[in-house]
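> Got a sequence here, can you model it:
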Amino acid sequence: MAKGFNGGFGGMNMNNLMKQAQKMQKQMEEAQKELETKEYEVTSGGGAVKIKMSGKKEITAVEIKPEVVDPDDIEMLQDLIMTAVNEAIRQADEAAASTMGGITGLGTNGLSGLF
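Below you'll find the model as predicted:
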């Protein structure tokens, strides 16, 4: 064994390090399961389009008010749907980053704070 090596990192022995890693992994798995049970509901166009998405990022419902269905302006409807879906994905990603960051201590910046 190298001189000065105390069997760990910063005074923490390898056994404690492994226990901490296993604990963190279990917390992350539990948090992931919880995130998957959440539902995100987003509207666009002042409520003209409503999207519901699960925490697994699966669209579970789409509601479109009849007054926004204009055969001469399909692009507007497409934009409203796209905006709502993208916002639902953003909210799910933000919730996941916040939850996982709380477990790892890395926050919403992920690993960027380490480098």
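
> Tell me the secondary structure of residue 51, please.
strand (DSSP: H, G, I helix; E, B strand; the rest coil).

> separation between it and residue 42?
5 Å (CB to CB, to the nearest Å). Heads up, the C-betas are built off the backbone N, CA and C, glycines and all.

> and residue 58, what is it in contact with?
Going by CB atoms under 8 Å, 6 or more residues apart in numbering, residue 58 touches no other residue.

> Give me the phi and psi for it.
phi -110, psi 130 (degrees, to the nearest 10).

> How about the one 10 residues further on?
Note on residue 68: its backbone torsions stand at phi -100, psi 0 [degrees, to the nearest 10].

> so it makes contact with residue 47?
No - assessed by CB atoms under 8 Å, residue 68 is found out of contact with residue 47, at 9.8 Å.

> Just want to know which of these two has more residues nearby.
residue 68 (17 against 10; other CB atoms under 10 Å).

> Who's the closest spatial neighbour of that one, skipping the chain neighbours?
Once flanking residues are discounted, residue 68 sits nearest to residue 48: 4.2 Å by CB to CB, 6 or more residues apart in numbering.
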